[in-house]
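J.: Return a 3D structure for these sequence lines:
(chains A and B)
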Amino acid sequence: MATAVSILPAQQLATLEDAYRKSVARKRLKAALATAAFCAVLVIAAFGAEVNLRTLFTYFGNFVSYFDRILTLDSGARVWTDPAEWFWGWHKWLKMLGETILISYVGTLTGAVLAFALNFFAAQNTSPGPWVRFTIRRLLEFARTVPGIVFALIFVIAFGLGPMAGVLAIAIHTTGALGKLFAEIVENADMKPVEGIRSTGASWLSCMRFAVLPQVSAGYASYALLRFEINVREASVMGFVGAGGIGQELVVAIRKFYYSDVSAILVTIIITVFIIDISTGWLRGRLFGKETRR
Amino acid sequence: MSQMPRPDTAELRAKYPGVFERPASARLAMPVMIVAALAIFVFGLVDLDFSPSKLISGLGQLGWITMLMLPPNPGASLPLYMQALGETLSIAVLGTTLAAILALPVSLLAAHNIIPSNLIRFPVRRFLDSIRGVDTLIWALVWINVVGLGPFAGVLAIMVSDFGAFGKLFSEAIEAADRKQVEGIRASGGSALHEIRFGLLPQVLPVIAGQVLYFIESNTRSATIIGIVGAGGIGLQLAEQIRVLEWQKVSFLILMILIAVAAIDFISSKLRFAIIGQRAVV
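T.: Now for the predicted structure:
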């Protein structure tokens, strides 16, 4: 059963095709211009970053052989043939790893509590006044834009070497990041319960406690857990600047070329990060149902 | 005015026991969790050598440092800092772009609708996961060992660590793409490569472009960090000035970073909206 497809008269077709070609040509020109501009930016960036392809080609072998070296024991055997020798320092490393997790835990909790205290002032619908909101927002922005490790560098000088500087740095960064996210959750909350509670003559504090908090607490906990995950990674490098945790061991191993130690510590960090990721993901799924799992 | 009939509480209780009497496990779960969280917190404070005296003297020091930071003043090194800032931006742009270019083909291998076989997809995904498990700073240290100190090591570090992140994000974008276009291409006799080029790429490219721009933004921050371990850029200057306690220069550098990040934020969000239309995909 063949049905003929009706074809437009040639004249009508020609105008349509012409319009089509024109619009495609305009699109292509735009794309070409954007690509050219982008390439120009890249070339400028390449000069700015002192990219030297010859260096890369000369030393790329080093990159590959670096992994070869960190996977070789002092005796010349492959690391996985002798796990006892590879993880000779596991006792010390596990202790440092525990410290790393504690740093991120204490930092996350402190930051989350601070963010919790501040976010109602920063959210548009609950803030008591525009000036308070503006100030708190700028404070949170500052806390989240300055990288955690910069805070750590400064805190190490103020509080001395050790995990305390790391905890405080993570706490401040977490306050900034969570404060913004928390405020966004509050802004999405339904305002009708607030009006209901206010109409009974309740104070601002009771409005927040009984109308907003029940709506937002699940979202808060979910974001805080997610942040904990991120902070474990962050805490693992705090040691680079002397702020405690496993990073200290790692940076010593890298700088002093203890090759097999580097791979052993990296493996322990990666495994820990995996375990934390999976368990917080599971916990979030358990606590808040499937839809909040990211 | 008529009065509502009083509800019969006893009957309601019998009908909906779950509403009136929550099981003990549900009532106890919250307090137990809070107590456990607090217990770990206190243990952490003790284990990490927190002491009030240390905290107070540290806060005093910090207040003193803040006083010394004001007003921000670059001294005579402003041109040097501007150059360092340019270096940082270059590192971010170049590292992110290279990562995106490298990650695109690999992400195809990790996407469920391109490679249905678990045999390839699983190792590729775990490979990307392990790359992401290692922090950018660690990659920077490794690359410094290979190509020496300087911004080039920073570019490579950002490239490698973002490669892991992009691989995952791109493959998710590809998996979320609509099958219909791809099937249409296949129905008209296109090869597998045609399906990817004409069926898939037009759908995912805007999403990918948005993600790349977003990462350039966040990498401006990362690029300042990796300078601290010696991979060039403004972070190097910052770490040096902190070590020699030149606080006015430190605060000026921090201010420069904040302004640069805000500027990049602004530009890239404008570009992102231009590319993907008014809906925020990322």
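
J.: Alongside chain B, which residues does the stretch 51-200 of chain A contribute?
T.: The stretch 51-200 of chain A comes close to chain B at residues A:51-52, A:55-56, A:59-60, A:62-63, A:66, A:99, A:102-103, A:105-106, A:109, A:142, A:145-147, A:149-150, A:153-155, A:157-160, A:162-164, A:167, as judged by CB under 8 Å from any CB of the partner chain. Backbone N, C-alpha and C define where each C-beta goes, glycine included.

J.: so what's B:L205 scoring on pLDDT?
T.: In this prediction, B:L205 carries a pLDDT score of 83.

J.: contacting residues for B:D49?
T.: A:162-164 (CB atoms under 8 Å, 6 or more residues apart in numbering or on different chains).

J.: Which of the three states applies to A:I254?
T.: Under DSSP: H, G, I helix; E, B strand; the rest coil, A:I254 falls in the helix class.

J.: Contacts for the worst-scoring helix or strand of chain B on mean pLDDT next, please.
T.: None of the helices or strands of chain B scores lower by mean pLDDT, DSSP states H and E than helix B:17-20, at a mean of 72. The contact list for helix B:17-20 (CB under 8 Å, 6+ apart) reads B:12-13.

J.: just to revisit the earlier point, can you tell me which of the contacts of B:D49 lies nearest to chain B?
T.: Minimum distance to chain B across the contacts of B:D49 is 4.2 Å, recorded for A:P163 (CB to the nearest CB).

J.: Can you report how many residues lie near the closest one?
T.: A:P163 sits with 26 neighbouring residues when counted by other CB atoms under 10 Å in any protein chain shown.

J.: what's the answer for A:D82, then?
T.: Look at A:D82: counted by other CB under 10 Å, it has 14 neighbours.

J.: Chain B versus that one, what's the distance?
T.: Counting by CB to the nearest CB, to the nearest Å, the separation of A:D82 from chain B is 22 Å.

J.: how about that residue, what does it touch?
T.: Taking CB under 8 Å, 6+ apart as the test, what A:D82 contacts is A:73, A:75.

J.: Now, the residues of the stretch 51-200 of chain A next to chain B that are in strands?
T.: Residues of these located in strands (DSSP state E): none.

J.: Now do the helices in chain A.
T.: A:10-48, A:53-70, A:83-86, A:90-122, A:130-145, A:148-159, A:163-188, A:192-199, A:204-207, A:213-238, A:247-255, A:259-288 (DSSP state H).

J.: Can you tell me what sits against the fifth one?
T.: The reference is to helix A:130-145. Against helix A:130-145 from outside (CB under 8 Å, 6+ apart): A:115, A:118, A:121-124, A:127, A:172-173, A:175-177, A:179-180, A:183, B:221, B:257-258, B:261-262.

J.: could you measure A:P193 against A:M208, distance?
T.: To A:M208, A:P193 is 11 Å away according to CB to CB, to the nearest Å.

J.: And for A:F182, the neighbour number?
T.: Residues lying near A:F182 (other CB under 10 Å) number 25.

J.: cool, the one 4 residues further on as well?
T.: A:V186 is surrounded by 23 other residues when neighbours are defined as other CB under 10 Å.

J.: quick one, what contacts the residue nearest to it when sequence neighbours are not counted?
T.: Once flanking residues are discounted, A:V186 sits nearest to A:A123: 3.9 Å by CB to CB, 6 or more residues apart in numbering or on different chains. By CB under 8 Å, 6+ apart, the residues touching A:A123 are A:133, A:182-184, A:186-187.

J.: Specify which member of those is nearest to chain B.
T.: Taking those together and measuring to chain B by CB to the nearest CB, the closest member is A:E184, at 12.3 Å.

J.: any idea how far the nearest residue to the closest one once chain neighbours are set aside is from chain B?
T.: Closest residue to A:E184 apart from its sequence neighbours, by CB to CB, 6+ apart: A:A123 at 7.7 Å. Remark: distance between A:A123 and chain B (CB to the nearest CB) = 19 Å.

J.: circling back to that earlier point, can you lay out the contacts of B:D49 as TSV showing pLDDT?
T.: Listed next are the contacts of B:D49 as TSV, based on pLDDT from 0 to 100:
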residue	pLDDT
A:G162	85
A:P163	89
A:M164	89
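
J.: what's near enough to touch A:Y59?
T.: When contacts are taken as CB under 8 Å, 6+ apart, A:Y59 is in contact with B:146-148.

J.: which among those residues end up buried?
T.: Buried by 16 or more other CB atoms under 10 Å in any protein chain shown: B:146-147, out of those.

J.: Brilliant, that's me finished.
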